[in-house]
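**Q** how does the following fold in three dimensions:
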Amino acid sequence: MLFNSLIFLVFAAIFFGMWPFIKPHRQARYLLLVISSFIFYGWWDWRFLFLIIASGLLDFFAGLGMYRRPSLRKFYLGLSLLGNVGSLMLFKYSGFFADNLSWLLGQFGLDVQLRTGLPAFVLILPVGISFYTFQSMSYTIDIYKGQLKPTTNIFHFFAYLSMFPQLVAGPIIRAADLLPQLEKENHTTEQQRWEGMHLIVHGFVKKVFIADNLAYFVTEAFSNPVHSPNTLYWWVIMTAFAFQIYCDFSGYSDIARGLAKWMGYEFMVNFNHPYVATSLREFWSRWHISLSTWFRDYVYIPLGGSRGGELKSQTNMWITMLVSGFWHGAAWNFIIWGGLHALSTTVERFSRWPQRVCALPGGRFLASFILLVQVWVTWVFFRAGTLHQAMDILGSMFSFHGGFEGLMYDLGGTKLLTLAVIIGIAALREFWFFMGWHEREFVPGRWRPHVQVTVMAVLIVVCVFFRGPGSQFIYFQF
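**A** The predicted structure is shown next:
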């Protein structure tokens, strides 16, 4: 069920109509959350409900086993990791390994197509599997480390695991943060409801107005069999994709956080204006924060983190970034994307170029520009369908062939103007934050509520009348 669909509006109206009457009763509250979340998730394909139920049951009982029988903690943790990582490998990566093994065998003259021997159901990627398996694993890992006491109420656990606002695309919420909130009735305040509305509306603006309108141009460029050699064209397209994926994913997170606020719960901020960063390290502290911190806490630190010297620290960082790339997709493109981020982070660590550049007059702008060039280049591998296409596009981006006339030829005046307006609006939001203007009060206090309501009404009109072609959220594929 998509947030940007009519059926979700009906679903949300029914849920929030029932919520005030159900939430005072703890067990009924858990049941409503679980049933509603299963309906929300099962709307795509009800058969995959069995997968999330199986994953949840495994981790629920593994958590209890670790707590009640400490001597078998490693055994129960192993079961949890085997079940969750195993389901990811089966549904997300079996096709990738089959194709690469077939290619390897082909180098020895053996023509074996292993993909054709795989059951059809394992080649269908369940929506949100990467998110809820990570959320479920964090529960058992935290219990293993003694940082969390397991719940004995199975509906309490499934309310945490399957909570519909963030179920399929995050943010990835830790059990220590959400389980205690779910136990309480949590009356919402007027301020909380207004903040929820603010997040939901701004999230929809990001998704249906900015991301969906940009998606049309990006999809057209990457699906065109005739590759444009124009340098300026591809820098414009990659700028469009950079804002598309940012607004698409952060828009989902904003809507999820807003819905949670209406329910009386608080989710962590998942995106904090990553394109205003001046270093890659800062970028990753602002981009998909729940995932970045998950990899930090459950991959990087267990590997040894920064302990053991510089070489060990860099090795751990490289492993973490490559695993992060592979998490995003079962293709070499994503592994290279992760590797490029690791390489850039290593160069940044030893050269200290962000600090050196920022020390210059106007250096903060220059450092941010250099960072964005790096991020834009890596986005090519993230978006391209094949390595060959990625290399062709990069070749065009740095061939310095063609110019504005070529751009006009490739896009046309109307399309170029539309792109310029939408990218300009998205970029202005980030520049506003970059300059710190968001901290200033430009409207007198007595007029502020009226202006806020007017702006909200205008944004709702924009969502209704200027929305792009409807599409699912990008991160559903992960």
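**Q** domain parsing for the protein?
**A** 6-180, 191-477 (automatic domain parsing).
**Q** just how off-centre is the longest one within its chain?
**A** Relative to its chain's centre, domain 191-477 lies at 10 Å (CA atoms, centre = their mean, to the nearest Å).
**Q** and what of the first one?
**A** Here the centre of domain 6-180 is set off from its chain's centre by 16 Å, with CA atoms, centre = their mean.
**Q** what about the strands in the stretch 151-300 of the chain?
**A** Secondary structure of the stretch 151-300 of the chain (DSSP state E, counting those that start in this stretch): no strands located.
**Q** turn the domains of the chain into CSV, columns for mean pLDDT.
**A** Compiled in CSV, the domains of the chain are given as follows (pLDDT from 0 to 100):
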stretch, mean pLDDT
domain 6-180, 91
domain 191-477, 90
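**Q** now render those domains as a markdown table, adding mean neighbour count.
**A** For glycine as for every other residue, the C-beta is placed from the backbone atoms N, C-alpha and C. Compiled in a markdown table, the domains of the chain are given as follows (neighbours: other CB atoms under 10 Å):
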| stretch | mean neighbour count |
| --- | --- |
| domain 6-180 | 17 |
| domain 191-477 | 17 |
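**Q** dump the residue contacts of Met397.
**A** In this structure, Met397 makes contact with 231, 234-235, 238, 377, 380, judged by CB atoms under 8 Å, 6 or more residues apart in numbering.
**Q** out of those, list just those in helices.
**A** Those of the contacts of Met397 mapping onto helices are 231, 234-235, 238, 377, 380, per DSSP state H.
**Q** could I get these as JSON lines with distance to Gly308?
**A** Output for the ones in helices among the contacts of Met397, formatted as JSON lines (distance: CB to CB, whole Å):
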{"residue": "Thr231", "distance to Gly308": "44"}
{"residue": "Trp234", "distance to Gly308": "42"}
{"residue": "Trp235", "distance to Gly308": "41"}
{"residue": "Met238", "distance to Gly308": "38"}
{"residue": "Val377", "distance to Gly308": "31"}
{"residue": "Val380", "distance to Gly308": "34"}
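**Q** and which of these is nearest Asn224?
**A** Top of the list for closeness to Asn224, among the ones in helices among the contacts of Met397 and by CB to CB, is Trp234 at 11.6 Å.
**Q** contact partners for the closest one?
**A** Residues touching Trp234, when contacts are defined by CB under 8 Å, 6+ apart, comprise 221, 228, 393, 396-397.
**Q** take these and lay them out in JSON lines including distance to His328.
**A** Formatted as JSON lines, the entries for the contacts of Trp234 read as follows, by distance: CB to CB, whole Å:
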{"residue": "Ala221", "distance to His328": "21"}
{"residue": "Ser228", "distance to His328": "26"}
{"residue": "Ile393", "distance to His328": "18"}
{"residue": "Ser396", "distance to His328": "24"}
{"residue": "Met397", "distance to His328": "21"}
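**Q** these in helices, which ones?
**A** Judged by DSSP H, the contacts of Trp234 include 221, 393, 396-397 as members of helices.
**Q** where do the helices sit along the stretch 251-400 of the chain?
**A** With DSSP state H, counting those that start in this stretch as the definition, the stretch 251-400 of the chain shows helices at residue ranges 280-286, 289-295, 301-303, 310-328, 332-351, 353-358, 363-383, 387-397.
**Q** take those helices and lay them out in JSON lines including distance to Ser55.
**A** Formatted as JSON lines, the entries for the helices of the stretch 251-400 of the chain read as follows, by distance: least, CB to CB, whole Å:
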{"stretch": "helix 280-286", "distance to Ser55": "27"}
{"stretch": "helix 289-295", "distance to Ser55": "16"}
{"stretch": "helix 301-303", "distance to Ser55": "21"}
{"stretch": "helix 310-328", "distance to Ser55": "16"}
{"stretch": "helix 332-351", "distance to Ser55": "23"}
{"stretch": "helix 353-358", "distance to Ser55": "40"}
{"stretch": "helix 363-383", "distance to Ser55": "27"}
{"stretch": "helix 387-397", "distance to Ser55": "32"}
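**Q** Phe155: which of these is closest?
**A** Among the helices of the stretch 251-400 of the chain, if distance is taken as CB to CB, the winner is helix 289-295, at 23.9 Å.
**Q** Phe97 and Ala277: what is the separation?
**A** With distances defined as CB to CB, to the nearest Å, the gap from Phe97 to Ala277 amounts to 35 Å.
**Q** repeat that for Arg47.
**A** Distance, Arg47 to Ala277, using CB to CB: 41 Å.
**Q** nearest to Leu428, of the helices of the stretch 251-400 of the chain?
**A** Comparing the helices of the stretch 251-400 of the chain by their distance to Leu428 (CB to CB), the top pick is helix 363-383, with 14.8 Å.
**Q** which helices and strands sit right next to the closest one?
**A** Applying 3 or more CB pairs under 8 Å, 6 or more residues apart in numbering; DSSP states H and E, one finds that helix 363-383 makes contact with helix 231-263, helix 280-286, helix 332-351, helix 353-358, helix 387-397.
**Q** phi, psi for Arg352 please.
**A** Note on Arg352: backbone dihedrals following degrees, to the nearest 10 are phi 50, psi 40.
**Q** helix or strand: which one has the residue lying closest to Leu81 once chain neighbours are set aside?
**A** The shortest distance from Leu81 to any non-neighbouring residue, by CB to CB, 6 or more residues apart in numbering, is to Met137 (6.7 Å). Secondary structure assigned from DSSP states H and E places Met137 in helix 129-144.
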